[in-house]
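A.B. asks: Quick check, what structure comes out for this input:
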Amino acid sequence: MREETVNKDITVIGGGLAGVCAAVAAARSGCTVALVQNRPVLGGNASSEVRVWVCGATAHGINRYARETGIMGELFVENQYRNPDGNPYIWDLVVLEKVKAEPNIELFLNTDVQEVEADQAGKDGQRVIHSVTGWMMASERRIRFESSMFLDCTGDGLIGFLAGAKFRLGREAQHEYQEMWAPEQGDEITLGSTILFYTKDAGHPVKFVPPAFAKDINETPIPIKRVIRSGDSGCHYWWIEWGGELDTVYENERIRDELWSVIYGIWDYIKNSGRFDSETMTLEWVGAVPGKREYRRFTGDYVLNQNDILAQEPFDDRIGFGGWSIDLHPPQGMYAEESGSKHMHADGIYHIPFRSLYSANVSNLMFAGRDISATHVAFGTTRVMATCAVIGEAAGAGAAFSVRHELSPREVYQEHMQDLQQEMLKMDAALIGLPSRHELNLAQRASVQASSCLTAIDTLDRTDSKAYPLSHDIGIILPVDPGFHGLDILVDAKEQSTLRLEVWGTGKKENYVPTEHILTETYTIEKGTRQLVSLPCKWTPDEAQNAFVIIRQNEALSLYVSQQPHSGMLCFQKEAKHLAAKSLEDRPDDQLIVQWSMRGLVRHTFCISTRGETEAFTPQKGIDGYLRPYGGPHMWLSLPIQEHGEQWIMLSWEQEQLIRDIHLTFNDDVNEDLINLHHHRTPFEVIPELVRDYRIEAYVNDRWLQLLTVRDNRQRKQIHRLPDACATRRLRVVVEQTNGSPHAELIEMAVYS
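C.D. replies: Numbering: from 1, shown residues only. A predicted model of the protein is given here:
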């Protein structure tokens, strides 16, 4: 047996998306990292071994402008380009390459950590981890990892458990956190595990002889209570879940065998019951590793709970966001008589505090993923993988900050929280509502100009527009400011009729639902087609914000809708039915965020024009520090390139600046719902709003000097380090072409010496 010792600044145990993003964030922050994974591939439940869709704050398109940025965002956008068919093995490669691209990470696959050395040696009697030791399977290597900081990203929380960290298992009682969805009495019930399967059409008849252990599902509630279709596979069968009333770790093998028996029983039912068109269908893949949902949850300095989620608590120490519904499943899983899941949404995204990412009693232990400090009910939303990835990036950045400054995570929270947040924003981490104000960003001291900018939203002249019957209430999100005076809109009227328009506020700046009624206007519409109707508005907003404009249902009227998007504008219709079968997903009917849906209207615009000039797209927005939409789009938009030629945005200083690093953040439309294994596809492989070709120029010796040129960009965040520092008083980015948008679109230009 070969014994080794590995010394790194940080050891991350667990190579799911939380562990991957933690390791990458820590490495990019300048720390050496050991990433230890007990499986042959990275990705955890998202890997080709388990194949769960990577869901996150978009909630499959229910939340607006909610797709994750930062490292998880990089993975989504790159996978969209490389893997449009959603091949799980290509996804494995995208994740693996992200890790291998970081020279500060040393990766240890097939290495199962089973030993932890820890004692009561820290400040205030806290425990301290000195090392963890793992066995590398098939290589017969016993490896001891020594670090200043350890991150438990194992999901099940084995490292923290062995280190003596405080944790919870199961459901808290209602009185503990006053959670509406908590049971009256606490227990150890968890969410169960799932195994998925893939099918394909073989193109010829295929028989299926079930194994002897296949369950006869006719003897269970499954055929009555769940949706079974011959063409479905993969995560359509997320509800094949069991083990919530068992210990999902100690009885993992029993749970796996039960799930296998049901999968083969379901396939027997599809193939041999005569109720399905499945003659040429065959099984392509069946998982062998149960995808676990829940086990230990560690106790940090704060326990995130249901009330925080629904109130969208704006924690001062927020380090990321989520947006999936609180999504809880019955303990009996697939055998339950009730719906397979029940959901409760906040009115938008919610925030996650840094205090939920470090141990209350182990001074150098942090965690990320499904084992963070949250109640069982709050965990019902934080557990989805894109949110776990966001948490992982924050934990990695926090761990690196702790190591570099020789502080505990608690001390970082107490003394340097804003510094950590600013470092995270510099790397485009997924924080909402906090502006980037990094003290070394020279753009903060510059004046900014541009070749042009949009001064109004105008979609009236879209040649692809079609009539859209006003059979439902429709809604439009628009950025408005004190220059707003109403709308012009294209309308058809079968007869003289009345158009009723309402203006609503969205409440919180991160929300996109109508919550505060401002005014109602009614207008008489004469009979006719493609009429340009003026809808003056008596309301003048006090400050720049989003307005939710509602036009109420009227069967006599039609609006016009185009299939071309417009950044900053979203369109909705009010839904009258559930998004999924009640037997699968039980969602209360009164949730605004579910009622107002973009189904059929994603990347579409109603044909309107705003009256009065807007400052929503001025070049100043390119340096205002907001990296995501928040009460407005926060980006510079030029006039159309095709009509006006190359467009530029320029920073100017009174004194000469020495420039070395240039950070550019382009618009990758975080409203677009991407997913790694594609239960839906987009018509493009590169986000159209992204700038494709550009150059960076500095004004030196009375002329523009070209510093660099970029072709075929497909990423949101680009960091350019100049080989030699450049002294200049003016710096500009010249946009030559985009990936489809008519406008040059830039979220942020930041400059460092």
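A.B. asks: how does the protein divide into domains?
C.D. replies: With domains defined by automatic domain parsing, the chain comprises 2-176+295-426, 193-286, 442-452+619-752, 466-611.
A.B. asks: how about the ones you listed, which one is nearest P183?
C.D. replies: Set against P183 and scored by Cβ to Cβ, the domains of the chain come closest in domain 2-176+295-426, at 5.5 Å. To be clear about C-beta, it is placed using only N, CA and C from the backbone, and glycine gets the same treatment.
A.B. asks: Quick one: distance of that closest one to the chain centre.
C.D. replies: Averaging C-alpha positions (Cα atoms, centre = their mean, to the nearest Å) puts domain 2-176+295-426 14 Å from its chain's average.
A.B. asks: Who are the packing partners of the helix or strand bottoming out on mean pLDDT in the chain?
C.D. replies: Here the helix or strand of the chain ranked lowest by mean pLDDT, DSSP states H and E is strand 585-586, holding a mean of 79. With contacts taken as 3 or more Cβ pairs under 8 Å, 6 or more residues apart in numbering; DSSP states H and E, strand 585-586 sits against strand 341-344.
A.B. asks: and the helix or strand just after the least confident helix or strand of the chain, which residues are buried?
C.D. replies: Counting by DSSP states H and E, the next helix or strand C-terminal to strand 585-586 is helix 592-595. For helix 592-595, the neighbour count (16 or more other Cβ atoms under 10 Å) marks 592-595 as buried.
A.B. asks: what does the average pLDDT come to for the helix or strand just after helix 592-595?
C.D. replies: Following helix 592-595 in sequence order, the next helix or strand is strand 596-597 (DSSP H and E). The average pLDDT within strand 596-597 is 95.
A.B. asks: I would like the residues contacting whichever helix or strand comes after strand 596-597, please.
C.D. replies: Following strand 596-597 in sequence order, the next helix or strand is strand 605-606 (DSSP H and E). For strand 605-606, contacts defined as Cβ atoms under 8 Å, 6 or more residues apart in numbering pick out 459, 462, 468, 474, 476, 489, 559-562, 564-566, 569, 571.
A.B. asks: remind me which residues of the stretch 51-200 of the chain are low pLDDT?
C.D. replies: Across the stretch 51-200 of the chain, not a single residue meets the criterion (pLDDT under 70).
A.B. asks: Could I get the full set of strands for it?
C.D. replies: With DSSP state E, counting those that start in this stretch as the criterion, the stretch 51-200 of the chain has strands at 105-108, 111-119, 128-136, 141-146, 149-152, 167-168, 193-194, 197-201.
A.B. asks: now do the stretch 601-750 of the chain
C.D. replies: 605-606, 608-611, 636-637, 647-666, 691-700, 703-710, 717-738, 745-752.
A.B. asks: Quick one, which of those gets closest to G186.
C.D. replies: That would be strand 717-738 among the strands of the stretch 601-750 of the chain, by Cβ to Cβ, at 43.4 Å.
A.B. asks: still on that earlier bit, identify, out of the strands of the stretch 601-750 of the chain, the most deeply packed stretch.
C.D. replies: Of the strands of the stretch 601-750 of the chain, the one with the most neighbours on average (mean count of other Cβ atoms under 10 Å) is strand 636-637, at a mean of 30.
A.B. asks: So what touches that one?
C.D. replies: Residues from elsewhere that reach strand 636-637, judged by Cβ under 8 Å, 6+ apart: 450, 453-454, 567-568, 617-619, 621-622, 649, 743-746.
A.B. asks: Closest to S233 out of these?
C.D. replies: If you rank the contacts of strand 636-637 by distance to S233 using Cβ to Cβ, S567 comes first, at 36.0 Å.
A.B. asks: for the stretch 151-300 of the chain, what spans make up the helices?
C.D. replies: Secondary structure of the stretch 151-300 of the chain (DSSP state H, counting those that start in this stretch): helices located at 158-163, 174-177, 222-225, 252-272.
A.B. asks: where does the stretch 651-753 of the chain have low pLDDT?
C.D. replies: Residues of the stretch 651-753 of the chain that meet the cut-off, pLDDT under 70, do not exist.
A.B. asks: and R445, backbone torsions?
C.D. replies: phi -100, psi 0 (degrees, to the nearest 10).
A.B. asks: Count residues in the vicinity of it, would you?
C.D. replies: 13 (other Cβ atoms under 10 Å).
A.B. asks: if I look at the residue nearest to it when sequence neighbours are not counted, how far off is V751?
C.D. replies: The shortest distance from R445 to any non-neighbouring residue, by Cβ to Cβ, 6 or more residues apart in numbering, is to W653 (6.6 Å). W653 sits 10 Å away from V751, going by Cβ to Cβ, to the nearest Å.
A.B. asks: what's the overlap in contacts for those two?
C.D. replies: Common neighbours of W653 and V751 (criterion: Cβ under 8 Å, 6+ apart): 442, 446.
A.B. asks: Just give the number of residues close to D371.
C.D. replies: Using other Cβ under 10 Å, the number of residues around D371 comes to 30.
A.B. asks: let me fix that: D589
C.D. replies: For D589, the neighbour count with other Cβ under 10 Å is 10.
A.B. asks: re the thing from before, and the strands of the stretch 51-200 of the chain, which is most packed in?
C.D. replies: Scoring the strands of the stretch 51-200 of the chain by mean count of other Cβ under 10 Å, the most buried comes out as strand 149-152, with a mean of 32.
A.B. asks: Please enumerate residues in contact with that one?
C.D. replies: Against strand 149-152 from outside (Cβ under 8 Å, 6+ apart): 9-14, 19, 22, 26, 129, 132, 158-160, 163, 165, 298, 364-368, 371, 395-396, 399, 402-403.
A.B. asks: Next up, the contacts around R256.
C.D. replies: So R256 contacts 193, 195, 288-290 (Cβ under 8 Å, 6+ apart).
A.B. asks: Repeat that for L259.
C.D. replies: Applying Cβ under 8 Å, 6+ apart, the residues contacting L259 are 193-195, 240, 242, 290.
A.B. asks: how far away is A397 from P482?
C.D. replies: Distance from A397 to P482, by Cβ to Cβ: 38 Å.
A.B. asks: re earlier: now compare the contacts of R256 and name the two farthest from each other.
C.D. replies: The span of these, defined through Cβ to Cβ, is set by S193 and A288 at 12.4 Å.
A.B. asks: Count the residues that sit near N361.
C.D. replies: By other Cβ under 10 Å, neighbour count at N361 equals 19.
A.B. asks: pretty sure it is touching R127, no?
C.D. replies: Yes. Using Cβ atoms under 8 Å, N361 is in contact with R127, at 6.0 Å.
A.B. asks: Mind listing the shared neighbours of these two?
C.D. replies: Counting by Cβ under 8 Å, 6+ apart, the shared contacts of N361 and R127 are 164-165.
A.B. asks: quick revisit: right, so the helices of the stretch 151-300 of the chain: which one is the most enclosed?
C.D. replies: Among the helices of the stretch 151-300 of the chain, helix 158-163 has the highest mean neighbour count (mean count of other Cβ under 10 Å), at a mean of 24.
A.B. asks: Residues in contact with it: which ones?
C.D. replies: 13, 113-116, 118, 127, 129, 132, 150, 152, 167, 296, 298, 359, 362, 365, 367, 371.
A.B. asks: Please repeat the previous calculation with a cut-off of 6 Å.
C.D. replies: For helix 158-163, contacts defined as Cβ atoms under 6 Å, 6 or more residues apart in numbering pick out 13, 116, 118, 129, 152, 298, 362, 365.
A.B. asks: Excluding chain neighbours, give the residue nearest to the second one in space.
C.D. replies: With Cβ to Cβ, 6+ apart as the criterion, V116 has its nearest non-adjacent residue at 3.8 Å, and that residue is L162.
A.B. asks: do you know how far the one you found is from F572?
C.D. replies: With distances taken as Cβ to Cβ, L162 is found 49 Å from F572.
A.B. asks: If you average the pLDDT over stretch 14-27, what comes out?
C.D. replies: Computed over stretch 14-27, the mean pLDDT rounds to 98.
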